[in-house]
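J.: Quick one, fold the following:
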Amino acid sequence: MRVASEKAHSGLPEVGLSIISAAGGTHTLPRNAGRGKVLEMVLSGRRFDAKEAYEFQLVNRVRMLSRD
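T.: Okay, the predicted model is just below:
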C-alpha cells in the first residue's frame, strides 16, 4: 500500500541533472502510471502533487493532514 501526504510532491529529479534514473523509476513507474505519463515525467522533469500521483495510480491513498 502506498500512501502520500496531501503536501507531497514527486517526480524524477535525475532529469534535471541530465542523468538516467538508476533506482528503477523509469522501469517500475510504467506498470502503474502507464507509458504516456512516465514519458511526460522523464522528458519534462515536471514534479507532480499527491492528487496527480493518485490519479496516475502511483499511490493508493492521499492522507489529509489535520488543520489544527
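
J.: Show me what the helix or strand of the chain with the lowest mean pLDDT packs onto, helices and strands only.
T.: Taking all helices and strands of the chain together, the one with the lowest average confidence (mean pLDDT, DSSP states H and E) is helix 25-33, at a mean of 75. Under the contact criterion of 3 or more C-beta pairs under 8 Å, 6 or more residues apart in numbering; DSSP states H and E, helix 25-33 touches helix 35-44. Placement of C-beta: from N, CA and C, glycine included.

J.: what about dumping the CA coordinates of the helix it packs on to CSV?
T.: Listed next in CSV are the C-alpha coordinates belonging to helix 35-44 (Å, rounded to 0.1, in the frame of the first residue of the first chain):
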residue,chain,number,x,y,z
ARG,A,35,3.8,4.7,-20.6
GLY,A,36,2.4,8.2,-21.6
LYS,A,37,2.5,9.7,-18.1
VAL,A,38,6.0,8.3,-17.4
LEU,A,39,7.3,9.7,-20.7
GLU,A,40,5.9,13.1,-19.6
MET,A,41,7.7,12.8,-16.3
VAL,A,42,11.0,11.7,-17.9
LEU,A,43,11.0,14.2,-20.8
SER,A,44,9.7,17.3,-18.9
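
J.: Who are the packing partners of the helix or strand following it?
T.: Using DSSP states H and E, the next helix or strand after helix 35-44 towards the C-terminus is strand 48-49. Of the remaining helices and strands, those touching strand 48-49 by 3+ C-beta pairs under 8 Å, 6+ apart are strand 9-10.

J.: Note down every partner strand of the strand it packs on and its orientation.
T.: The pairing partners recorded for strand 9-10 under DSSP bridges are strand 48-49 (antiparallel).

J.: Please write out the alpha-carbon positions of the helix or strand following the strand it pairs with in CSV.
T.: Scanning forward in sequence from strand 48-49 by DSSP H and E, the next helix or strand is helix 50-55. Taking Å, rounded to 0.1, in the frame of the first residue of the first chain, the C-alpha atoms of helix 50-55 are listed here in CSV:
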residue,chain,number,x,y,z
ALA,A,50,-0.2,13.9,-4.4
LYS,A,51,-3.5,14.4,-6.2
GLU,A,52,-1.9,13.7,-9.5
ALA,A,53,0.0,10.8,-8.0
TYR,A,54,-3.3,9.3,-7.0
GLU,A,55,-4.8,9.9,-10.5
